[in-house]
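Asks: everything below, folded, please.
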Amino acid sequence: MPRRGSCPTQKTNQAAFARIDLGSIENACLHSQNESDMSKSEPNREMHAAPSLAFVMELAIELAPALDLGVTPAGFRRMVPITGGRFEGPKIRGDVLPGGADWQILRNDGVLHVEARYALRTSDGALIYVKNSGLRHGPPEIMERLIAGHPVDPRSYYFRTAPRFEVSAPQYDWLNRYIFIADAERHANSVIVRVWQVA
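Replies: Predicted coordinates:
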């Protein structure tokens with residue numbers, strides 16, 4: 001039996017409020033911890049900025065008429081002999097050596113896959129092997145004019161490549177160590193390739 005003057009309802013309510021307050025604190029702590037864990041798992045957007053590009057060189061590559069090898073299991077095969085040329089950039093310049101070639105496959109979807117293999121000789125005598133693969137495509141009427149050797153605005157078609165270099169000369173070892181991309185322009189008897197280093 002409660003003593004005279006006591007208030008069992010008040011004590012019961014105080015105990016209930018104490019339990020509610022403790023539960024609210026626990027929930028608040030758990031919510032704060034979850035937010036902290038989520039913030040840790042979110043990617044740092046500053047670390048995922050687009051890579052920057054640095055200009056490396058421009059190549060003017062001279063070409064002989066294409067040789068059509070016909071339809072193979074891979075597609076319509078062409079070979080374009082490389083007869084020479086020049087290249088120049090902020091840290092490198094020299095000649096494109098004759099004897100290389102651009103091996104091409106015209107796919108069923110109208111996209112031309114190119115793979116050019118050739119050698120460069122720098123102004124200080126270093127030899128560099130180049131393997132340059134990429135894709136060229138555009139509206140059919142533009143591609144027809146391009147193949148026929150007519151002048152075409154390079155902005156009217158897509159021509160991008162990813163060159164790879166091999167060199168033993170230590171002053172050009174940086175060519176072995178980076179990823180490069182290039183844009184290109186096809187002309188009647190030549191191709192212009194501008195190479196960029198991906199930082």
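Asks: which parts of this protein are strands?
Replies: Under the criterion DSSP state E, strands of the chain are mapped to 53-63, 67-72, 75-88, 93-96, 101-106, 112-122, 127-137, 158-167, 179-186, 190-198.
Asks: what's the last one packed up against?
Replies: Which is strand 190-198. Under the contact definition 3 or more Cβ pairs under 8 Å, 6 or more residues apart in numbering; DSSP states H and E, strand 190-198 sits against strand 53-63, strand 158-167, strand 179-186. No exception for glycine: its C-beta is placed from N, CA and C like everyone else's.
Asks: over to the third one?
Replies: Using 3+ Cβ pairs under 8 Å, 6+ apart, the elements in contact with strand 75-88 are strand 53-63, strand 67-72, strand 93-96, strand 101-106, strand 112-122.
Asks: list the buried residues of the shortest one.
Replies: Right, strand 93-96. 94, 96 (16 or more other Cβ atoms under 10 Å).
Asks: neighbouring strands - and their directions - for that strand?
Replies: strand 75-88 (antiparallel), strand 112-122 (antiparallel) (DSSP bridges).
Asks: in TSV: those, plus distance to residue 48 and mean pLDDT.
Replies: Output for those, formatted as TSV (distance: least, Cβ to Cβ, whole Å; pLDDT from 0 to 100):
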stretch	distance to residue 48	mean pLDDT
strand 75-88	33	97
strand 112-122	30	98
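Asks: what's the closest of the ones you listed to residue 50?
Replies: The closest of those to residue 50 is strand 112-122. By Cβ to Cβ, the value is 25.5 Å.
Asks: only the buried residues of that closest one, if you could.
Replies: Residues of strand 112-122 classed as buried: 112, 113, 114, 116, 118, 119, 120, 122 (neighbour count, 16+ other Cβ under 10 Å).
Asks: re the thing from before, would you turn the strands paired with strand 93-96 into JSON lines with distance to residue 152?
Replies: Below are these laid out as JSON lines (distance: least, Cβ to Cβ, whole Å):
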{"stretch": "strand 75-88", "distance to residue 152": "17"}
{"stretch": "strand 112-122", "distance to residue 152": "14"}
